[in-house]
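Peer 1: here is the input, now give the coordinates:
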Amino acid sequence: MPKKSIEIRAKHRNGITTVNALMVHPMEPGIRGNGGNGNPVSAHFIQEVICEYREAVLLRAQWGPSISRDPYLSFSFKGGAKGEKIRLSWVDNRGGSDSAETEIK
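Peer 2: All right, here's what the predicted structure looks like:
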């Protein structure tokens, strides 16, 4: 996996902040065959996504193997201010993790 697997942006407009994030991850469910040898590909998927603002959790999502490869997440919340930071992090079922931070524009 790449060193940084999250691209995140946040934009504030009319009292609402919209957060968009693209996470690069294989999101393998563990049920597909492995090239005809009969063995399944090992499961590898993001289990938890957390987005924080001002050290408070805005969003906590529990994901499973049915989420598609390289998931895209978008949500909005009331508040936020230009120049403040938003942080997004994930943890997968193999113990991998990543996080990224962006400034609200």
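Peer 1: for Gly95, grab phi and psi.
Peer 2: Per-residue torsions, Gly95: phi 90, psi 0 (degrees, to the nearest 10).
Peer 1: hmm, I typed the wrong one, I wanted Ile104.
Peer 2: phi -70, psi 130.
Peer 1: mind pulling up the pLDDT for Thr68?
Peer 2: I think there's a mix-up here, since residue 68 is Ser and not Thr. In the prediction, the pLDDT value recorded for Ser68 is 94.
Peer 1: give me the nearest residue to it, chain neighbours excluded.
Peer 2: Computed as C-beta to C-beta, 6 or more residues apart in numbering, the closest residue to Ser68 that is not its neighbour in sequence is Met27, at 6.1 Å. Just so you know, the C-beta spots here come from the backbone N, C-alpha and C atoms, and that holds for glycine as well.
Peer 1: wait, that neighbour touches Ile67, no?
Peer 2: Yes. With contacts counted by C-beta atoms under 8 Å, Met27 reaches Ile67, the gap being 5.4 Å.
Peer 1: which residues do these two both contact?
Peer 2: Taking C-beta atoms under 8 Å, 6 or more residues apart in numbering as the contact criterion, the common neighbours of Met27 and Ile67 are 45-46.
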